[in-house]
Each structure stands twice: as structure tokens, then as C-alpha cells.
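>>> what follows is a predicted protein model with its sequence.
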Amino acid sequence: MEKETISIVDNRTGKSCEAPLFKGALRAMDLRQFKTHTDDFGMMTYDPAFMNTASCQSAVTFIDGDKGILRYRGYPIEQLAEHCTFLEVSYLILFGELPTAAQLAEWTNKITHHTMLIETSKKFLEGFRYDAHPMGMFISSVAALSTIYPEARNVRSPEVRALQIQRLIGKVPTIAAYTYRHSLGYPYIYPDNDLSYTENFMNMLWKMVEPKYHANPVLSKALDVLFILHADHEQNCSTNVMRAVGSSEADPYVCTAAAAAALSGPLHGGANEEVLRMLDEIGSKDNVPGYIERVKTGRIKLMGFGHRIYKNYDPRAKIIKWAADRVFEITGRNPKLEIALELERIALQDDYFVKRKLYPNVDFYSGIIYQALGFQPDMFTVLFAIPRTVGWLAQWEEMLRDPEQKIARPRQIYTGNECRNWVPIEKRTTPSTAAA
């Protein structure tokens with residue numbers, strides 16, 4: 001195969017340069033050869049929000065947004081959600097292959113025996129106000145684990161990294177459950193090692209005075225599916241944060257806390273909460289056409305539709321819609337579902353949305369399921385953070401193993417003042433509005 005290159009002409013100087021392509025992409029550093037004089041720094045790329053910049057190579061997740069494809073390590077998300085448990089998928093995401101029965105049993109045992117929090121962590125949680133936001137408690141508690149396991153700073157040790165990964169995957173559902181119990185004023189429930197990952201999470205959430213918690217298998221499976229769908233999603237905002245903070249060789253606890261902080265924003269993990277607010281605002285199925293018209297005139301936004309990457313139906317949304325039907329057979333039909341189904345039906349038939357490729361995304365139905373399970377909206381992002389911890393850690397591990405990765409340090413285009421001389425305070429004037 002012939003060498004793949006791209007030829008570029010700098011019209012400022014008339015100089016023509018040839019740059020090799022790397023896996024179909026142009027390396028930004030190859031643009032540094034374009035200079036107007038010898039002291040020139042060279043050409044940079046300008047790409048706000050990284051709309052068209054690949055910051056890394058990754059073998060974890062493949063997305064084809066135009067075709068609505070999502071795969072973990074090559075496996076279609078639909079097959080994994082149907083046939084696997086969350087811990088099985090976690091093993092796949094972290095190690096690259098689906099586990100054998102023996103490997104899964106060993107992996108499950110390792111995670112299960114890291115679910116307990118030491119008592120000081122519980123006391124740390126008890127220090128929060130009764131009305132503290134669960135996501136703030138979650139982020140703080142995960143970061144605090146860094147002080148409990150100081151050996152985690154040795155991120156160049158594969159053995160140390162492996163242990164911290166097991167600890168984090170085991171402990172994040174416990175932290176999440178404790179934030180939920182704290183908000184209700186209930187006592188904390190210890191993990192039960194006889195239960196599966198999601199069943200144990202449900203136990204820590206909802207056990208009251210019964211001697212043994214028995215999870216509804218349909219609801220446990222639905223939660224498992226939701227966890228699988230949220231486990232990783234390529235280089236999104238929070239994953240980018242995980243890699244950026246991790247590039248400084250910070251330990252995985254503070255890296256995960258930083259990623260969770262990014263996830264907490266309403267434009268990222270908080271979007272499903274916004275969907276519920278929208279459905280509440282619509283109020284009834286009869287009001288959907290009028291709401292659609294307001295969206296089309298630009299007066300309001302349609303939440304839960306469209307995605308930065310997907311220009312087709314989000315494959316996760318289809319699976320969540322299926323899971324919703326199973327959940328509502330147990331919990332009863334959520335009135336918001338009727339509004340959501342009508343909203344989806346009209347939007348998918350309207351040229352305005354079809355031309356703009358605005359299809360339901362993962363957030364459109366996930367919030368309805370979470371609410372049906374009994375969660376308040378402020379817990380939704382915490383539920384998102386539990387499975388996404390696996391993806392963050394897989395990306396973190398991959399970043400540390402990549403010899404090309406260095407500490408993240410983007411460039412900027414400076415737009416401030418030129419060099420100015422200091423002025424004594426008595427001679428300074430108030431800048432005019434125009435100058436400011």
C-alpha cells in the first residue's frame with residue numbers, strides 16, 4: 001500500500017509541505033513546520049470543545065454515530081445487554097476479552113470483597129448536611145479514598161493499579177447507596193456478599209428491617225442493563241477529564257472524583273433529570289403537539305433528543321425502552337411514559353427533527369426508569385457514575401500504558417492585551433465600557 005500523505009500549501013509563504021497521515025488522521029505537530037519566519041512558533045490547530053480532534057488512541061469503545069452503532073471491545077451493545085451481567089462486561093472493558101466461567105468467578109469474588117467502606121468513610125459521609133446533594137457527597141467520598149489508600153499514588157505499578165481498580169468498582173455502589181440513605185436519614189446497610197453486584201446495591205439502598213433482602217429479579221436485571229449501557233462511551237467530557245487528570249499521574253481516586261465532577265453537569269450526566277423536568281412541564285399527552293411547536297420556533301429545547309456523536313437513533317435508547325417495559329410490569333406504568341412515547345412518535349415523524357437527525361438518546365428513557373424504581377432525580381447522576389467508573393478506569397489504564405501520552409497541556413490562541421507598562425494607582429482611570 002502506498003504511503004498515505006497530505007500535501008498542504010501555505011499561501012502566506014508559498015511553501016508546500018507533505019505530511020504523513022497516521023491511521024487516517026493528520027498529526028497536529030506536523031503543522032508546526034508551517035512558519036512565516038525562523039522565530040515563528042509554527043501553525044497550530046484551533047478546535048473549541050475538541051469537535052474534530054483525536055487526543056488519544058483507544059481500543060475500548062467503538063461508536064459510529066451515523067449508523068447508530070456502539071460496541072465495547074468489538075461486541076455490539078445489544079448482545080452484551082441481552083446476555084451478560086454488568087461485572088462480565090466490566091471484565092471485558094478492562095481486560096479486552098469476555099471472561100471464562102473461572103475468570104468471571106474470580107473477578108466477581110475480588111470485586112465483592114472490596115465493597116465494604118471503612119468506618120472513617122462512613123463518618124465522613126455523616127458530616128454532610130441532611131439535604132446535601134448526593135452527587136456532591138459521592139464526589140467528595142470518592143476523592144477521600146485517596147487518603148485511605150496512599151499507596152495508590154504509585155500509578156506506575158501494574159499491581160497497585162489493579163488493586164485500586166478492584167477497590168473502586170467494589171466501593172462506588174456502597175458510596176452511592178450511603179449517599180441515598182443519608183439523604184433520607186436512614187441508617188447505612190452493610191454490603192451482603194451473597195448477592196450479585198446490582199442485587200447488593202439494591203440491598204444497601206432499600207433494605208429495612210427484614211433479616212435478608214431479596215431483590216426482584218426483573219428490577220435487578222433492568223438495573224444491570226442500565227449499568228451496562230452506561231459503562232463507557234468513548235472520549236466524552238468526563239472520560240476526557242479522567243485522562244487529563246490522570247496524565248499528571250494523580251492517583252485513581254482523585255481522577256475518578258474529577259471525572260464524576262464533570263459528569264455532574266446538566267449537559268452531561270444530568271441530562272436525564274432535565275428530561276423529567278420537561279415531561280413535568282408538558283403535563284399530559286394532549287399537550288405534546290403544542291410543546292413540539294414551541295421547540296420548532298426556538299422558544300424552548302427538546303431534552304433527551306440529539307447527541308454530539310449519534311446522528312441516528314441512539315442504540316442505548318432502544319434497549320432502555322425495552323427495559324422500561326419490563327420495569328413497569330412490576331412497578332406500574334409511569335404516567336410520564338405516555339407523554340414520552342407521544343413525544344417520540346411525533347418527533348420521529350416530523351421533518352423538522354428528521355432533517356436535523358434529532359433522535360432519542362440514552363437520557364430520554366433512563367430517568368423515567370430510575371423514577372419508577374423509586375429514585376429522586378438528584379440521584380440519577382450518581383447512578384450513572386457507578387457503571388461509568390469502569391469505563392473511566394479502563395481509559396485511565398490505557399492512557400498510562402500508552403507511550404505517546406504525556407501530561408495534558410492544550411495550547412491557546414491569546415486574545416489579551418499586548419505588553420503594557422505598570423501605572424501608579426493615583427494615575428489609573430476607570431476603563432470605559434467600550435474599552436472593557
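Received it, and whenever you're ready, just let me know what you need. Small disclaimer: the values here were computed from a predicted structure and weren't measured.
>>> going by C-alpha atoms from here, please, whenever you check contacts or count neighbours.
OK.
>>> spell out, range by range, the helices that occur in the stretch 151-300 of the chain.
With DSSP state H, counting those that start in this stretch, the ranges of helices along the stretch 151-300 of the chain come out as 158-184, 197-206, 217-229, 237-246, 252-263, 271-282, 288-296.
>>> which of those sits closest to Gly24?
helix 237-246 (21.5 Å; C-alpha to C-alpha).
>>> one step back: relative to Val354, which of the helices of the stretch 151-300 of the chain is closest?
Here helix 288-296 is closest among the helices of the stretch 151-300 of the chain (C-alpha to C-alpha), at 12.1 Å.
>>> next secondary structure element downstream of the closest one?
helix 315-331 (DSSP states H and E).
>>> quick check: which ranges of the stretch 301-436 of the chain have low pLDDT?
By pLDDT under 70, the low-scoring segments of the stretch 301-436 of the chain are 307-308, 310-311, 432-436.
>>> do a quick rundown of the helices in it.
315-331, 335-349, 351-355, 362-372, 380-401.
>>> quick one, the first one and helix 335-349 angle?
Helix 315-331 and helix 335-349 meet at an angle of 150 degrees, taking axes from the mean of the first three to the mean of the last three C-alpha atoms, to 10 degrees as the criterion.
>>> ends of stretch 21-38, how far apart?
Stretch 21-38 has an end-to-end distance of 25 Å (C-alpha to C-alpha, to the nearest Å).
>>> what average pLDDT does it get?
Mean pLDDT, computed over stretch 21-38, is 87.
>>> what comes up buried for that stretch?
Neighbour-count burial for stretch 21-38, counted by 16 or more other C-alpha atoms under 10 Å, picks out Leu26, Asp30, Leu31, Phe34, Lys35.
>>> repeat for stretch 81-100
Neighbour counts over stretch 81-100 (16+ other C-alpha under 10 Å) mark 81, 84-94, 96-99 as buried.
>>> off-centre distance for that stretch?
Mean-position distance between stretch 81-100 and its chain equals 18 Å (C-alpha atoms, centre = their mean, to the nearest Å).
>>> just the residues contacting that stretch, thanks.
Stretch 81-100 is contacted from outside by 60, 72-73, 80, 104, 107-108, 197, 224-225, 227-229, 231, 319, 390-391, 393-394, using C-alpha atoms under 8 Å, 6 or more residues apart in numbering.
>>> report the buried members of these.
60, 72-73, 80, 104, 107-108, 197, 224-225, 227-229, 231, 319, 390-391, 393-394.
>>> can I see the domain layout of this structure?
1-46, 59-403 (automatic domain parsing).
>>> just the ones you listed: most buried one?
Most buried of those by mean neighbour count (mean count of other C-alpha atoms under 10 Å) is domain 59-403; its value is a mean of 19.
>>> would you pull up how far it lies from the middle of the chain?
With C-alpha atoms, centre = their mean, you get 8 Å for domain 59-403.
>>> that older thread, from the buried residues of stretch 81-100, which land in strands?
Applying DSSP state E to those, no entry is found in strands.
>>> and of those residues, the nearest to Asp378?
The closest of these, once distances to Asp378 are taken by C-alpha to C-alpha, is Phe86, at 23.2 Å.
>>> who touches stretch 225-245?
60-63, 72, 77, 80-82, 85-86, 89-90, 255-256, 258-263, 268, 316, 320, 323, 366, 384, 386-392, 395-396, 399, 407-408.
>>> 7 Å - rerun?
Here stretch 225-245 makes contact (C-alpha atoms under 7 Å, 6 or more residues apart in numbering) with 61, 81, 86, 89, 255-256, 258-260, 262-263, 316, 384, 387-388, 390-392, 395-396, 399, 408.
>>> stretch 247-262 too?
So stretch 247-262 is contacted by 139, 142-143, 145-146, 152-153, 155, 237-239, 241-242, 245-246, 385, 389, 406-408 (C-alpha under 7 Å, 6+ apart).
>>> now do that stretch, average pLDDT.
98.
>>> with just CA atoms, put it into PDB.
These are the backbone C-alpha positions of stretch 247-262, laid out as PDB (Å, rounded to 0.1, in the frame of the first residue of the first chain):
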ATOM      1  CA  SER A 247      -1.900  12.300  32.800                       C
ATOM      2  CA  SER A 248      -0.400  14.200  35.700                       C
ATOM      3  CA  GLU A 249       0.000  10.700  37.500                       C
ATOM      4  CA  ALA A 250      -2.600  11.700  40.100                       C
ATOM      5  CA  ASP A 251      -4.000   8.600  41.900                       C
ATOM      6  CA  PRO A 252      -7.200   7.000  40.500                       C
ATOM      7  CA  TYR A 253      -9.400   8.100  43.400                       C
ATOM      8  CA  VAL A 254      -8.900  11.800  42.700                       C
ATOM      9  CA  CYS A 255      -9.000  11.200  39.000                       C
ATOM     10  CA  THR A 256     -12.400   9.400  39.300                       C
ATOM     11  CA  ALA A 257     -13.700  12.200  41.600                       C
ATOM     12  CA  ALA A 258     -12.700  14.700  38.900                       C
ATOM     13  CA  ALA A 259     -14.400  12.700  36.200                       C
ATOM     14  CA  ALA A 260     -17.500  12.400  38.400                       C
ATOM     15  CA  ALA A 261     -17.500  16.200  38.800                       C
ATOM     16  CA  ALA A 262     -17.600  16.600  35.100                       C
END
